[in-house]
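Sequence first, predicted coordinates after that:
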Amino acid sequence: MDEVMDYQRLIELLIRLRGEPMAAKAAATLLLIVVFYGLWRLLVAAIGYLVTNPAPRQRYWNVTRFTLTAVGVALVAAVWVEELKTVSLVLAGVAAGILISGKEVFLGIGGRLSLMVADHYDIGDRIRINGLCGDVINIGLLYTWLLEVDVHDGENQATGRVTLVPHLWLTQHAVINSTLGHEYLWDEIEFVFALDVDGARVIDLLQRTTGEALRAEIATAARVVPRLGQHFAAKSPPVTPVAYARLVTTPVGQNALAVRLRYTVRARQRRATNSQITLRVLSALREAGLSPLGDPALPAPAEGTVPPPAVP
């Protein structure tokens, strides 16, 4: 008997709601919110179970959230379309006021749209923007989360801090992506020698020593660096070590020969590779009797003379 009464009350409520359009639309809106929220939670759980790699998992979560939000908002707007037409002029005035007072928010949304179109970076990329550098760990609507990297004193070493980059910066500052297409950069080390050194011999030794030390990395870079040309009108620079010589003037006014060594390195291994190459090259130079200025292997300067400058 109680079940029959409950059923009759439900029928009466539905009939009453049919006579109250606003109440019916409110109920439909609530139902849509509940359905889409439940669907989002279900998809998040399924993606978390099926995808174990953090970077693609985060991308799938973001796509799911944005897609369900857009579809849900569109359906709710369709429910209230008549009311929206009625108050369109009021909404236009309110929107203009919000646009003036909250332009940063709208610029942030514009920056997020430009990110979707131009694809400046993705989760897992290492980027630099407006003095901040880090690895992208999440992309939201108004902000991008970076695992910060110190590019000044720390020489591309992680600080452990999480930094938020506002998307309005995307409309104001250039984005430098160190891992777009591939994860290789070109780093340089400079050695300074006395002017009477055999420059051709030094260049050959630096290129050969660095090529032997980075043999495996060079082979990988030669395979992956050209992939950038498959998506952009980019020419592939050489990935083998190259050394260039130039004349410089030391702080004491003497001419010297500076040899700059250029080599391919992974963006996240610059400091370690720089240290490795520096030690290998210095050892090879000493074995060949070619010590750069400021090298402790050189004999001490005579009394009363100005010592040579240190290696930069």
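Everything's here; your move.

beta partners for Glu148?
Gly134 (DSSP bridges).

Could you give the number of residues near it?
16 (other Cβ atoms under 10 Å). All C-beta atoms are positioned from the backbone trio N, CA, C, and that covers glycine.

got it, and Thr144?
27.

and if you look at Leu261?
Neighbours of Leu261 using other Cβ under 10 Å come to 22.

pLDDT score for Val149?
pLDDT recorded at Val149 is 89.

contacting residues around it?
126, 133-135, 156-159 (Cβ atoms under 8 Å, 6 or more residues apart in numbering).

From those residues, list the buried ones, please.
For the contacts of Val149, a burial check counting by 16 or more other Cβ atoms under 10 Å picks out 126, 133-135, 156.

for the contacts of Val149, which one is nearest Ile203?
Asn156 (26.8 Å; Cβ to Cβ).

Please tell me how far that closest one sits from Asp122.
19 Å (Cβ to Cβ, to the nearest Å).

And Val165, by the same measure?
Taking Cβ to Cβ, one finds Val165 at 14 Å from Asp122.

And these two? Which one has more around it.
It is Val165, of Val165 and Asp122, that has more neighbours when counted by other Cβ under 10 Å, with 22 against 17.

before we move on, back to that, just send the buried ones among the contacts of Val149 back as CSV, with distance to His173 and pLDDT too.
Output for the buried ones among the contacts of Val149, formatted as CSV (distance: Cβ to Cβ, whole Å; pLDDT from 0 to 100):
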residue, distance to His173, pLDDT
Arg126, 16, 91
Cys133, 13, 91
Gly134, 15, 92
Asp135, 18, 92
Asn156, 20, 71
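
Centre of the chain to the one helix or strand Ala26 maps to, how far?
Using DSSP states H and E, Ala26 falls within helix 21-50. Between the centre of helix 21-50 and the centre of its chain there are 33 Å (Cα atoms, centre = their mean, to the nearest Å).

before we move on, the earlier item: could the contacts of Val149 go into TSV alongside distance to Thr273?
Formatted as TSV, these follow (distance: Cβ to Cβ, whole Å):
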residue	distance to Thr273
Arg126	15
Cys133	18
Gly134	20
Asp135	18
Asn156	10
Gln157	13
Ala158	16
Thr159	20
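
which one of those residues is nearest Gly108?
Using Cβ to Cβ, the contacts of Val149 come closest to Gly108 at Gly134, 18.5 Å.

Can you give me every residue that contacts the closest one?
126-127, 146-149, 163.

Looking at these, which is nearest Leu279?
Distances from Leu279 to the contacts of Gly134, taken by Cβ to Cβ, are shortest for Val149, at 23.6 Å.

Okay, strands next: where are they in the stretch 101-250 of the chain?
Remark: strands assigned in the stretch 101-250 of the chain by DSSP state E, counting those that start in this stretch are 126-129, 132-139, 143-150, 157-166, 176-177, 184-194, 242-249.

Now render the buried ones among the contacts of Val149 as JSON lines, adding distance to Thr210.
Output for the buried ones among the contacts of Val149, formatted as JSON lines (distance: Cβ to Cβ, whole Å):
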{"residue": "Arg126", "distance to Thr210": "23"}
{"residue": "Cys133", "distance to Thr210": "26"}
{"residue": "Gly134", "distance to Thr210": "29"}
{"residue": "Asp135", "distance to Thr210": "27"}
{"residue": "Asn156", "distance to Thr210": "19"}
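
residues contacting Thr264?
Going by Cβ under 8 Å, 6+ apart, the list of residues near Thr264 reads 184-186, 214, 217-218, 221, 225, 239-241.

residues near Ser291, how many?
18.

Before I go, just wanted to say thanks for your time.
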